[in-house]
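J.: quick one, structure for this:
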Amino acid sequence: MVCQRVVISGGGIGGLTLAKLLILEGIEVTVLERAPQFQMSGEVLIQPCGKRVLHAAGLLAPASSPSCCFQYDAMQIRHEKGFVLFDRSNLAPKGKTAAHIETVSCTRRQGLVEALSAELPPGVVRLGTKLLSVSQNADEVTLVCESNGVREEITCDFVIGADGKHSMVRRCLWEAIEDPPRTFSDFFVITWTLDLDGGTPLDHVYQQKIMQMTWGVGTLIGLMPISKHICCVFICLHRSILERVGADVATLKEVALRGESR
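T.: Residues are numbered from 1 along each chain as shown. Model (predicted):
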């Protein structure tokens, strides 16, 4: 039997992109998103492989809108002593019809999901709809969901769990599968943003649209402009370096294993 009805649990980047791809194949799709509105923070780095998927779904143009996307023209990786390990300028090769596919860009998550959602037919995305249970038999899948305090049953041929690491679909259909225990890799990642207004030394990073990273022994430092005025800075440090400067690594590890950001 050809699958004609698909329900996707989770209205994130993956769920919305998949919905558009399935619709292009003539499949009836419903996306269930428990949040009453899209609320996402942070940015996502989209590599060429991801852009090819967006292009196949006809979503690359809205996903590359200047309102939510910053396009990089070059990428540099340097050694901690200063010499260049990797330098790729002109990320957009000339002479290609879809040259922008081969570039790297930094996109606001909020802007991206809003752009992707806007490309779907009305009624496909159901915001504020919480999935409560999933069951299946040989013929169909039955989902129980709740919206505005009202419960309803939805039947479909196929259900897809795009609802993150605490997926309700996974928990309902494969109860024996437990979340893997948190582990610690001895590396800490610190991120923050800088305002580039006022002629800061980082202005050239935006003007040249360069994503820069510096590698060293136990360290990785990166500069990623995410708009005309904001630059994201990230530092990855091995615990041995933190111990050298007197940081309380044991407490930091406990916080990281609890899944807290600070």
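
J.: so how many other residues sit close to Glu28?
T.: Counted with other CB atoms under 10 Å, the neighbours of Glu28 add up to 14. In this view, the C-beta of every residue, glycine as well, is placed from N, C-alpha and C.

J.: do the same with Val7
T.: 24.

J.: how about it: what's its closest non-neighbour residue?
T.: The shortest distance from Val7 to any residue that is not its chain neighbour, by CB to CB, 6 or more residues apart in numbering, is 4.6 Å, and that residue is Cys156.

J.: quick one: pLDDT of Ser135?
T.: We note a pLDDT of 92 for Ser135 in this prediction.

J.: same check, this time on Leu242
T.: If you check Leu242, the pLDDT there is 79.

J.: touching, it and Lys253? I think so.
T.: No: with contact defined as CB atoms under 8 Å, Leu242 and Lys253 do not form a contacting pair (10.1 Å).

J.: neighbour count winner among the two?
T.: Per other CB under 10 Å, whichever of Leu242 and Lys253 has more neighbours is Leu242, with 17 against 14.

J.: now do the SS call for the more buried one.
T.: Reducing the assignment to helix, strand or coil with DSSP: H, G, I helix; E, B strand; the rest coil, the entry for Leu242 is helix.

J.: where exactly do the helices run in this structure?
T.: The residue ranges that make up the helices of the chain, judged by DSSP state H, are 13-24, 48-56, 60-63, 109-118, 168-173, 203-207, 239-244, 249-257.

J.: from the centroid of the chain, which residue is nearest?
T.: Central residue check for the chain by CA atoms, centre = their mean: the C-alpha nearest the mean position is that of Val44, 4.9 Å away.

J.: from memory that residue sits against Val104, does it?
T.: No: the pair Val44 and Val104 does not pass the contact test of CB under 8 Å, sitting 11.4 Å apart.
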